[in-house]
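Student: Pasting the sequence and the predicted coordinates here, then a few questions.
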Amino acid sequence: MPDWKKIVREKLGRLPLNNGRQDEVIDELAQQLESAYEEAIGSGASEPEALRRSLAQFSDWEKLRSEVFRSMEGTQLPLWEQNGIFAPHRRTVWIALALTLLLLAVPAFRQALAVFPVPGSFPAAWNSRAFSEKALRKIEQSGDKQKYARTLAFVALHSSDDLQAVRAAEKAIALDPQLTWISVRISHATYLIPGYDPHPWIERLKAWDPQNAFPYLLEASANIHGDWEKRWAKYNAATPELRLALAAEPAWRIPMDKAFAAPRVDLYWAQQFALDRQVLQEQGLDRPDMLMVATWTQQIPELQAIKFYQDIQLKDVAESAEKAGHPQEALSACWTVARFGDRLHSDSWDSSDSIVEVFSVMLREQAYKRMIPLLRGEGRTEEAATVETALSALPALGRNYRQHRREALESSAKRSARMVQLAGFAFFILGTAALVWLLSSFLLRWRPSLSRALNRVASAFGFVPPALLFASLLLLVAYYPYAQPISQITSQEELIRAYAPFFANLFIFLNFDVITHVWIPRMFWPAIWCAIVALAGSLLLWWLARRQRPDDTGVA
């Protein structure tokens, strides 16, 4: 005959019942097993079979143990007395926590956490700690003049304070004249600062880079900017009056003529990309999202002015010359537009969703269409065929743009972004829960009867450490292809092609339109703060009520 009490004691384990009632439970369960065993023997079963049938009554002894304790004590089994798979006695739980902490030593994992879009925030290419006055003074005192000049140029390009940008640009160019191209940003900034004139910055840029069309485009805009309200605002941009007025204004027309005749168009995107990448590395912000956001401040010419000048050449000069019987003059006006569009294209990276590329294609397309009948009318059929070939080689803007966007949304980058969103959100939720579980576990280890509610919470959160490890691994795997150091990103084109679809989808974290754009940015952190205050108030009220109960036994 088996020793039933011994079997029950081994299977059940320690049962921390008050008043020594564990022996009563063991006796009762032993009798139940013995009765089932004798019944099986009486039915003709062998002893091993009878023993199997008897023990089969309780397939899950840990569950039985919990149920017995709950029925007799009216509460859940103490956390540190539990023997389940997620109980704190299990090494696997602590191994999972340790592995999660080890993942924090992996640079790609830390970067994934850094780029995760917290609602209400947005990635920035600079921050006050790295580029504060104190940080700049530290760089200046280091004696590295080139590094100090680069950092000042970065501040000039990206600072939201226009006065700070102007001061930083003056110092940067004085230290390194090769940074004169940052005058492009300052010429735009000084429009908005009372008492500041953009022309000195434009003249400085023209003297430094006289073969470039960009300074002349800036000059044309600056010459009419101050008079816009009183002289130009009365015209409707959709009507020819404004175009004709601008064509008759030498202060605008002369620099635009020089811009379209300049041998090259350099928007200084390559220079800014190289500068941003180097300074971000030097400041410890080696993240592709930072580099991408830095590119958003790159300056472009006033495209509406380019459109006006195109219309002047094609609709006014070329059309008038053709009607007057001067086809060569008409063709010259068309070639002026087409060649400028070609030079504008050579400066921009080849992407159909670049606004500069859109204008480049538009200029060439309109000029080519105007030139083809003129060339045929002059009997220059071979030249007309060449222009037709060039026209057919231009991308169809609308179709390619939509196709590019659709392919980006349907690409693997979108899936990776969604996976990073899911894993990152789970990491922060489970990480908070893991802290609650860890704190509760230590408190209940110190005092098992501290709180029944705390014991229930800690028991329910037992799955959190393994789940946190799983979410961390998922986050690392999903983000790892995009964890490339920015030193390995060789060009802006590579950055946009490789990372733009991923980050574009990543930053659409909760795409609920009004909720995303209004409620979350303004109310997310206030809501979190209110929740913390409410939780603290609830805990305080619970503590006060517990202290005021005269019959408190010490178990909540």
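Tutor: Received, thanks.
Student: how close does residue 536 get to residue 530?
Tutor: Using CB to CB, to the nearest Å, residue 536 is found at 11 Å from residue 530. In this view, the C-beta of every residue, glycine as well, is placed from N, C-alpha and C.
Student: Give me the longest helix you can find in this structure.
Tutor: The longest helix of the chain (DSSP state H) is helix 412-446.
Student: counting contacts, what elements does the helix or strand that that one is followed by pack onto?
Tutor: Next along the chain after helix 412-446, taking DSSP states H and E as the criterion, comes helix 452-460. Where contact means 3 or more CB pairs under 8 Å, 6 or more residues apart in numbering; DSSP states H and E, helix 452-460 is packed against helix 412-446.
Student: got the buried residues for the helix it packs on?
Tutor: 413-414, 416-417, 419-421, 423-427, 430-431, 433-434, 437-438, 440-441, 443-444 (16 or more other CB atoms under 10 Å).
Student: what separates that helix from the chain centre, distance-wise?
Tutor: 19 Å (CA atoms, centre = their mean, to the nearest Å).
Student: before we move on, what about stretch 501-509?
Tutor: 6 Å.
Student: In it, which residues are buried?
Tutor: For stretch 501-509, by 16+ other CB under 10 Å, it's 501-506, 509.
Student: same thing with stretch 86-96?
Tutor: For stretch 86-96, using 16+ other CB under 10 Å, the buried residues are 86-88, 90, 93, 96.
Student: now, among these, which is nearest to residue 68?
Tutor: residue 87 (16.7 Å; CB to CB).
Student: Isn't the closest one up against residue 465?
Tutor: No: shown here, residue 87 and residue 465 do not form a contact pair, counting by CB atoms under 8 Å, at 11.2 Å.
Student: wait, residue 177 sits on residue 205?
Tutor: No: using CB under 8 Å, residue 177 is not in contact with residue 205; the gap is 11.6 Å.
Student: what touches both of residue 87 and residue 465?
Tutor: Common contacts of residue 87 and residue 465, defined by CB atoms under 8 Å, 6 or more residues apart in numbering, comprise residue 93.
Student: Wait, a helix at residue 99?
Tutor: Yes: assignment of residue 99 by DSSP: H, G, I helix; E, B strand; the rest coil places it within a helix.
Student: burial measure for it, as a count.
Tutor: Residue 99: 15 surrounding residues under other CB atoms under 10 Å.
Student: Tabulate the CA atom coordinates of the helix or strand where residue 96 lies in CSV.
Tutor: For residue 96, the host element (DSSP H and E) is helix 91-103. As requested, the backbone C-alpha atoms of helix 91-103 are provided in CSV (Å, rounded to 0.1, in the frame of the first residue of the first chain):
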residue,chain,number,x,y,z
ARG,A,91,15.6,31.0,-12.5
THR,A,92,14.1,31.5,-16.0
VAL,A,93,12.3,34.6,-14.8
TRP,A,94,15.5,36.3,-13.6
ILE,A,95,17.5,35.1,-16.6
ALA,A,96,15.0,36.8,-18.8
LEU,A,97,15.4,40.0,-16.9
ALA,A,98,19.2,39.7,-17.0
LEU,A,99,19.2,39.1,-20.8
THR,A,100,16.9,42.2,-21.3
LEU,A,101,19.4,44.3,-19.4
LEU,A,102,22.3,42.9,-21.5
LEU,A,103,20.5,44.0,-24.6
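Student: Pull the helix or strand that comes right after that helix out as PDB, backbone CA atoms only.
Tutor: Once helix 91-103 ends, the next helix or strand along the chain (criterion: DSSP H and E) is helix 107-115. Listed next in PDB are the C-alpha coordinates belonging to helix 107-115 (Å, rounded to 0.1, in the frame of the first residue of the first chain):
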ATOM      1  CA  PRO A 107      24.200  49.800 -29.700                       C
ATOM      2  CA  ALA A 108      21.500  48.900 -32.200                       C
ATOM      3  CA  PHE A 109      19.000  48.200 -29.400                       C
ATOM      4  CA  ARG A 110      19.700  51.500 -27.700                       C
ATOM      5  CA  GLN A 111      19.300  53.300 -31.000                       C
ATOM      6  CA  ALA A 112      16.000  51.600 -31.600                       C
ATOM      7  CA  LEU A 113      14.800  52.900 -28.200                       C
ATOM      8  CA  ALA A 114      16.100  56.400 -29.000                       C
ATOM      9  CA  VAL A 115      14.300  56.700 -32.300                       C
END
